[in-house]
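>>> Can you look at this prediction? I've put the sequence above it.
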Amino acid sequence: MRFHIMRKYFLLFIISFLFITLAFPQGYDIKIKINGLKDTTVLLGYYLADKKYVIDTARVNKEGICNFKKNKKLDEGLYLIILPNKTFLDFPVTDVQDFALLTDTGYLLMNLKIKGSKENQIFSDYQKNMIYNQKLSMDLKKRLSLNKNIKDSVKLINDKLVRIKKEVDAFNNKIISENPKSFTAHFIRGTQEIEVPDPPRDEKGNVKDSLFQYRYYKQHYFDNTDFSDDRLMRTPFLQSKIESFFKKTVLQVPDSIIAEIDKLILKAKANDKMLRFVTAWLLNSYETSKYMGMENVFVDIADKYYLSGQAAWADSSFLRKLKDRVSKMRHNLMGKTAPDLKRLETSIGEWATLSLVKAKLTILVFWEPNCSHCKKVIPKLHEICSKYKNNSVSVFAVYTQHDTTEWNKFIEEHGLTDWLNVYDRYNLSNFRNLYDIFTTPTLYILDEKKTIIARKIDVEAIEKFLTHFVEDEMKKK
């Protein structure tokens, strides 16, 4: 009797286990039928920031059927099927990863049918509505350009365009209200612009604050973006939205950018994956920025969020390299006092110290005569600076090597004797680390107090800089 009871419970356990396994598959199983396509291979890819990555391949049989299937579940987000002709179809992957798509090569999206995924059905409805109304709007805008001189036609077309936008907004808002926690709802909201109210006015109707709308827009820019939903990382819009904010909305001054970065990272802390994504993107973006002064932003991010220990995802090897990189940049950032270079030997056997140079502007250049780029830049720099001899502009030229023969020869041949030409015979000044010298030529501009006002600037930019400097000095007089 006990044996039968135990056997009964064992069978119930097996049945329950099979039910759970069948009901909640531990992987993905995406079946696709594409009419008009056969005997070929298609790719399964996903979005991450502004890039697409291929994660799987599947063979399409003679009936146009293929199947992407693995035991491991996919990270949730926006995916795409890529056909051999490079056309593709976007679709979401969320918690339900066992579903089927049916479409046609003639029009992948508009012919799409879905089975087994409510999320895909919602997203497909959203896409189809957007595509349909975008085509209507484009046709109307073409008509508008052809009838721009006919007042009644212009009004009629503009009214239709306004009506289409309202209908699209109403359709999207209906999706959001009926499916508030869905990926599609978060996706739609994230792509929507915020509504900016009119500025406050006085009793006469005059605008009281001309910057009100700008400040409101900047403050509320990310209101529609749910940073607790890491699925949005795997879409094409999130990075472009962040990038647009920092390049087009925020004042391009390091302090202003840093303040907004702190606010954004605070929002991203709602989700660990999102925090990593946002912080890493910002670090990389400002490390590779070509705009002067953005090094300050890079160092601040590195110090505040990586070297402080907050970036739990960063391994020790990466942190060591980052620390080394930052240590070489920290002392030569814009706004910092230039590290002093003491008792360097000149080309005529005397001694010179950077801090003792008396000039309204000091051009600090690190170079060597055997560098092919230096051979072009140094004579050009000399030509430019020669125009400003009477404007208290000095050149402190540091030779980065030790063999003085070629150095002295270059100085004489190119008439650089009016510069303060120096070198560090015994490597005592540590100039390479203090000024982050790993390529030549490298140029800095220092003001009267030896504050760095331009770093790693090219020679063409120096010419423009000096022109503005002289104009400003003339205005002061």
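Cool, the structure landed.
>>> Which stretches in the stretch 101-250 of the chain count as helices?
Assigned by DSSP state H, counting those that start in this stretch, the helices in the stretch 101-250 of the chain fall at 118-146, 151-178, 183-191, 212-220, 237-244.
>>> For the shortest one, give me every contacting residue.
Helix 237-244 is contacted by residues 49-50, 187, 190-191, 222, 225, 232, 264, 278, 281-282, 285 when judged by C-beta atoms under 8 Å, 6 or more residues apart in numbering. For glycine as for every other residue, the C-beta is placed from the backbone atoms N, C-alpha and C.
>>> got a list of contacts for stretch 460-468?
Residues contacting stretch 460-468 (C-beta under 8 Å, 6+ apart): 361, 363, 381, 384-385, 387-388, 391, 393, 443, 445, 454, 457.
>>> same question, stretch 53-63
By C-beta under 8 Å, 6+ apart, the residues outside stretch 53-63 that reach it are 32-34, 37-46, 66-68, 70, 74, 82.
>>> again, only this time at 10 Å
28, 30-35, 37-47, 65-70, 74-75, 79-84, 234 (C-beta atoms under 10 Å, 6 or more residues apart in numbering).
>>> Give the buried residues for that stretch.
For stretch 53-63, the neighbour count (16 or more other C-beta atoms under 10 Å) marks Asp56, Ala58, Val60 as buried.
>>> Could you dump those residues into a markdown table with pLDDT, secondary structure and distance to Thr405 added?
A markdown table is the format used below for these (pLDDT from 0 to 100; DSSP: H, G, I helix; E, B strand; the rest coil; distance: C-beta to C-beta, whole Å):
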| residue | pLDDT | secondary structure | distance to Thr405 |
| --- | --- | --- | --- |
| Asp56 | 97 | strand | 62 |
| Ala58 | 97 | strand | 67 |
| Val60 | 97 | strand | 70 |
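>>> Where does pLDDT dip in the stretch 51-200 of the chain?
Applying pLDDT under 70 to the stretch 51-200 of the chain flags no residue at all.
>>> please redo it, this time with the cut-off set to 90
Confidence mapping of the stretch 51-200 of the chain against pLDDT under 90 gives the ranges 106, 143-155.
>>> Report the separation between Tyr216 and Asp262.
According to C-beta to C-beta, to the nearest Å, Tyr216 and Asp262 sit 20 Å apart.
>>> More neighbours: which of these two?
Tyr216 (16 against 13; other C-beta atoms under 10 Å).
>>> Looks like that one contacts Pro199 (just checking).
Yes. Assessed by C-beta atoms under 10 Å, Tyr216 is found in contact with Pro199 at 8.6 Å.
>>> anything in contact with each of those two?
Common contacts of Tyr216 and Pro199 (C-beta under 10 Å, 6+ apart): Asp209.
>>> what's the closest non-adjacent residue to Lys160?
Nearest residue to Lys160 in three dimensions, chain neighbours excluded: Leu140, at 5.7 Å (C-beta to C-beta, 6 or more residues apart in numbering).
>>> Test my guess that the one you found contacts Ile164.
Yes. Using C-beta under 10 Å, Leu140 is in contact with Ile164, at 7.6 Å.
>>> Is it correct that Leu322 is in contact with Asn284?
No. Between Leu322 and Asn284 there is no contact under C-beta under 10 Å: 11.2 Å.
>>> Give me the more crowded residue out of these two.
Set side by side, Leu322 and Asn284 show more neighbours around Leu322, with 20 against 12, by other C-beta under 10 Å.
>>> those helices in the stretch 251-400 of the chain, which residues are they?
Along the stretch 251-400 of the chain, the segments classed as helices by DSSP H, counting those that start in this stretch run 254-268, 272-287, 294-301, 316-329, 372-386.
>>> relative orientation of the shortest one and helix 272-287 in degrees?
To tie it back to what came earlier, the one meant is helix 294-301. 150 degrees (axes from the mean of the first three to the mean of the last three C-alpha atoms, to 10 degrees).
>>> Helix 294-301: how far from the chain's middle?
A distance of 14 Å separates the centroid of the chain from that of helix 294-301, by C-alpha atoms, centre = their mean, to the nearest Å.
>>> Quick one: mean pLDDT over that helix.
Computed over helix 294-301, the mean pLDDT rounds to 97.
>>> and the strand or helix carrying Arg432, what does it pack onto?
Per DSSP states H and E, Arg432 falls inside helix 431-434. On a contact count with 3 or more C-beta pairs under 10 Å, 6 or more residues apart in numbering; DSSP states H and E, helix 431-434 meets helix 316-329, strand 361-367.
>>> if I pick the residue nearest to Lys160, what's in contact with it?
Here Leu140 is in contact with Leu156, Ile157, Asn158, Lys160, Leu161, Ile164 (criterion: C-beta under 10 Å, 6+ apart).
>>> And for Val470, nearest residue in space, chain neighbours not counted?
If the residues on either side of it in the chain are set aside, Val470 comes closest to Asn391, at 5.4 Å by C-beta to C-beta, 6+ apart.
>>> again but with Val278, I slipped
Spatial nearest neighbour of Val278, chain neighbours left out: Ala268 (4.1 Å); criterion: C-beta to C-beta, 6+ apart.
>>> same deal with His382?
Nearest residue to His382 in three dimensions, chain neighbours excluded: Leu416, at 5.8 Å (C-beta to C-beta, 6+ apart).
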